[in-house]
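Q: dropping the sequence and predicted coords here.
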Amino acid sequence: MPTVVITDHPWPDVEIERGIIEAAGFKLIAGPIDTPSAAFVEAFVSEHDPVAIMTCWAQVSAAAISTPSDLKIVARLGVGLDNIAIPAVTARSAWVTNVPDYCVEEVSDHVIGMVLAFWRGIPALDREVKQGIWNPAGARLQRVADRTIGIIGYGRIGAATARKFAQGFGCRVLANSRSLVRSPGVGQNVQSGVIAADLPTIQAEADAIVLHAPLTPETHHMIDGGFLEKLARRPLLINVSRGGLVDNEALVRALDVGVLSGAGLDVIEGEPAPPAFVTGRPDVIATPHVGFTSSASLIEVRQRCAEDVVRVLRGEKPIYPCNASDLGK
C-alpha cells in the first residue's frame, strides 16, 4: 500500500488526515507533534519511502526529497513555502501545494487585535489595574479612525486586513506589493479606501506598518536598520507573516531610540525560542505564531491539504499548485 507521511502536526491527532488518506486507499504515517529537525525528516522519509509528504513547520530539505522512489507531491499544511526545497521537488516532476486561503480572516483579525491592543492601551492598562493602579488620566490612547495603516504584501490576507481597517474603522490604508506598484500604479485606488503606495510613502506616512509579505531570499530582513531609520511617524510594526522579514537587533534599536512606538509580533526570527531581548520588552506584544489558528481554520487546512494529496495520487491536478509553471503544467 503506497504511503503518505506527515512530518509534523501541531495538533493532538491526525484523524482528519488519516480518514481522508486511508479512505482513498493509502497508508498514513505521522511524525511528531513538535517540529522535528531536518535530519529527522530526512531519516523519516528515507525509512518510509512515501509517495507524498505532508508538512507543517518541519524543513523538507533537498536531501529528504531525493530519497523516495516515486514521490508525487510535497504538500504544505499552511500557506508559506519557505520550509520546502521547491526546486528539488520540481526536479523530480512532483507537485508542491499549499492551502493559500484557509486562514485569511484569522490572520487579518490578529492584526486588528494587535493594533487595537496598542492604540487602546489594553495590555498595559490591564497590568496596571491588576497591580492596584487606577489612573484613567494617565491613559494616552489613539482614535483608530485617524490613523494611516501601511500594508506590505497585498495578497489574500493583506487585502482582508486592508478592507477591515478601511471599511471597518475608516482608516486611510496604503498598500504595497510588487504587483500593485506595477499595476494599477502608485496612488491608484485598489479597493474602497485603499491606495497603492511605494515603500517611501509608507515609511513617511504610516502610523502602523503591517507585514504580510512572504519570506524569500529577497525579503529576508527587509525590515532592517536602513528601512527603519526612514520612518517618520513613530509607527507600530506588526509582523504576522514570517519572523525572518525583520532584523531583531535593528528592531530593538528602533524601539530604544523611539523610531518605532511598539511592535506586535506573531512571528519572530528564532522561534520557537525567540530571543528574550525582543519578547521581554513592554513595548512588544508577542504571540506564539497563532495568527492562523481557530477551530474552524485548523479543520479546513487539514481537510483541504489531505484532499489535494489524494487528488494528485489519483493522477489529477491539484487545486492549489505552487510549482505548476516550473513543471510545465
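A: Looks like it arrived, so ask away.
Q: spatially nearest residue to Glu22 (excluding sequence neighbours)?
A: Leu28 (5.9 Å; CB to CB, 6 or more residues apart in numbering). To be clear about C-beta, it is placed using only N, CA and C from the backbone, and glycine gets the same treatment.
Q: apologies, that question was intended for Val312.
A: In space, Val312 is closest to Ile73, 4.4 Å off (CB to CB, 6+ apart).
Q: okay, now the residue nearest to Glu22: neighbour count?
A: 21 (other CB atoms under 10 Å).
Q: again with the one 4 residues further on
A: Other residues within reach of Pro32, judged by other CB under 10 Å, total 14.
Q: give the contact list for it.
A: Applying CB atoms under 8 Å, 6 or more residues apart in numbering, we find Pro32 in contact with Asp8.
Q: give me the distance between the two termini of stretch 63-75.
A: 17 Å (CA to CA, to the nearest Å).
Q: on that earlier part again, report the secondary structure state of the residue nearest to Glu22.
A: strand (DSSP: H, G, I helix; E, B strand; the rest coil).
Q: confirm Val74 sits in a strand?
A: Yes. Secondary structure of Val74 (three-state DSSP): part of a strand.
Q: from Thr90, how far out is it?
A: 10 Å (CB to CB, to the nearest Å).
Q: who touches both of those two?
A: By CB under 8 Å, 6+ apart, the residues touching both Val74 and Thr90 are Val96.
Q: so what's the most centrally placed residue in the chain up against?
A: For the chain, the residue sitting closest to the mean C-alpha position, by CA atoms, centre = their mean, is Ser241 at 3.2 Å. For Ser241, the contact set (CB under 8 Å, 6+ apart) comprises Gly80, Gly153, Leu211, His212, Ala213, Pro214, Leu215, Val267.
Q: ok so, going back, surely the residue nearest to Glu22 touches Glu15?
A: No. Leu28 lies out of contact with Glu15 (CB atoms under 8 Å); the separation is 10.0 Å.
Q: so where's the stretch 51-200 of the chain uncertain?
A: For the stretch 51-200 of the chain, residues meeting the criterion pLDDT under 70 lie at 181-184.
Q: neighbour-wise, which of Val74 and Thr90 wins?
A: Val74 (32 against 20).
Q: my guess is the more buried one meets Ala94, correct?
A: Yes. Between Val74 and Ala94 there is a contact under CB under 8 Å: 6.5 Å.
Q: overlap in contacts of those two?
A: In contact with both Val74 and Ala94: Ile65, using CB under 8 Å, 6+ apart.
Q: near Leu327, how many other residues are there?
A: Residues near Leu327, counting by other CB under 10 Å: 14.
Q: hmm, I typed the wrong one, I wanted Thr201.
A: Counted with other CB under 10 Å, Thr201 comes out at 17.
Q: buried ones in stretch 234-250?
A: Under the neighbour-count criterion of 16 or more other CB atoms under 10 Å, stretch 234-250 has 235-248, 250 buried.
Q: from these, which land in strands?
A: When these are checked against strands (DSSP state E), the matches are Leu236, Leu237, Ile238, Asn239.
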